[in-house]
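**Student:** Got a predicted structure here, sequence first:
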Amino acid sequence: MTTRREFLVLACGAASITAATAVKAQIDPNQQALRKAAMQEALRKVVGDVPVRRGRVKLELPPLVDNGNAVPLAVRVESPMTSADYVKAIHVFTEKNPLPGVVSVYLGPRAGRAGIATRIRIADSQTVTAIAQLSDGSFWSDSAEVVVTLSACLEEGLI
């Protein structure tokens, strides 16, 4: 049988643990800087020090999305897809998702067509960037703005 005093001690201890957890879950005041650093690191892992040029890539996604949990996305790259000139990879990045690297697709000359179509999760209104790596080692990109009314990807407190 637990006494009233023991119950109050246990209840106060549980309340203090809950309060400490709630304080830890608050959003970092430097959130924008953390997002930018995560995006730059993800881009650096893919392209290294090679310059990324605009063009040859066409990123298609709706400009206004009601729900960020399933956003249709299509990426097409201008390429003949021959053994001498083809798209090696297509990478999609978002600047506000907890993990900026959304998807990477690796292709070869036998793919026939340089393009992908899928659905992605988008955390908030932001810029989405697609980068294509060609067989000659060059990188090409396109970006698009998307406005999301109901956010997704809210884990890790990065939103």
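**Tutor:** On my side now, so go ahead. Note that this is a predicted model, so its numbers are computed, not measured.

**Student:** Ignoring the adjacent residues along the chain, who's closest to Y106?
**Tutor:** Excluding its sequence neighbours, the residue lying closest to Y106 (C-beta to C-beta, 6 or more residues apart in numbering) is A89, at 4.9 Å. (C-beta placed from N, C-alpha, C; glycine too.)

**Student:** measure the residue most central in space within the chain to R53 for me?
**Tutor:** The residue lying closest to the centre of the chain (C-alpha atoms, centre = their mean) is P100, at 3.2 Å. Remark: distance between P100 and R53 (C-beta to C-beta, to the nearest Å) = 20 Å.

**Student:** what's the answer for I120, then?
**Tutor:** With the distance defined as C-beta to C-beta, I120 ends up 24 Å from R53.

**Student:** For these two, work out which one has more neighbours and name it.
**Tutor:** Legend: neighbour count by other C-beta atoms under 10 Å for I120 and R53, higher for I120 (19 against 11).

**Student:** need the contact list for that one.
**Tutor:** 71, 73, 92, 94, 102-103 (C-beta atoms under 8 Å, 6 or more residues apart in numbering).

**Student:** so after the worst-scoring helix or strand of the chain on mean pLDDT, what's the next helix or strand?
**Tutor:** The weakest-scoring helix or strand in the chain, judged by mean pLDDT, DSSP states H and E, is helix 4-24 (a mean of 64). Sequence order places helix 31-47 as the next helix or strand after helix 4-24, per DSSP states H and E.

**Student:** Check which helices and strands that next one is in contact with.
**Tutor:** strand 87-94, strand 101-106, strand 126-134 (3 or more C-beta pairs under 8 Å, 6 or more residues apart in numbering; DSSP states H and E).

**Student:** so the next helix or strand after the last one versus strand 87-94, what angle?
**Tutor:** Secondary structure here is assigned by DSSP H and E; on that basis, the next helix or strand after strand 126-134 toward the C-terminus is strand 139-150. Interaxial angle of strand 139-150 relative to strand 87-94 (axes from the mean of the first three to the mean of the last three C-alpha atoms, to 10 degrees): 30 degrees.

**Student:** Which residues does strand 139-150 contact?
**Tutor:** 46-47, 50-69, 71, 75, 77, 122-134.

**Student:** List buried members of the residues you listed by neighbour count.
**Tutor:** 46-47, 52, 56-57, 59, 61, 65, 68, 71, 75, 77, 122-124, 126, 128-134 (16 or more other C-beta atoms under 10 Å).

**Student:** Relative to the whole chain's centre, how far out is stretch 6-14?
**Tutor:** Centroid displacement of stretch 6-14 relative to its chain, using C-alpha atoms, centre = their mean, to the nearest Å, is 43 Å.
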